[in-house]
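Asks: Build the 3D model from these lines:
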Amino acid sequence: MATNHSTLVGTAGGTLLSIVPNIYSADVLKTVILAALGAVISFVISLVLKLLLKQYKK
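Replies: Numbering: from 1, shown residues only. Next up, the predicted model:
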């Protein structure tokens, strides 16, 4: 069965274009800020745990 790429691309494009108007810029900004905050907190916790583990092994 041959795949018709224009139908696939058209379907994907239509789906994306129907989703885009429902995404608000404030939501995107909030998501970016929360993702960055989560990454920073995860990094800091990893450093603290590494330091504690190093001191515990001594």
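Asks: as a whole number, average confidence for the strand or helix carrying residue 10?
Replies: Following DSSP states H and E, one finds residue 10 within helix 5-19. Average pLDDT, helix 5-19: 84.
Asks: Just after it, pick out the following helix or strand.
Replies: helix 25-57.
Asks: in that following helix, what's buried?
Replies: Buried residues in helix 25-57, counted by 16 or more other Cβ atoms under 10 Å: none are found. (Glycine included, C-beta is placed from N, CA and C.)
Asks: Now do the contacts for the residue nearest the centre of the chain.
Replies: Among the residues of the chain, residue 35 comes closest to the average C-alpha position under Cα atoms, centre = their mean, at 7.0 Å. Listed by Cβ atoms under 8 Å, 6 or more residues apart in numbering, residue 35 has no contact partners.
Asks: returning to that earlier point: run the chain-centre distance for the helix holding residue 10.
Replies: From the chain centre to the centre of helix 5-19 is a distance of 22 Å (Cα atoms, centre = their mean, to the nearest Å).
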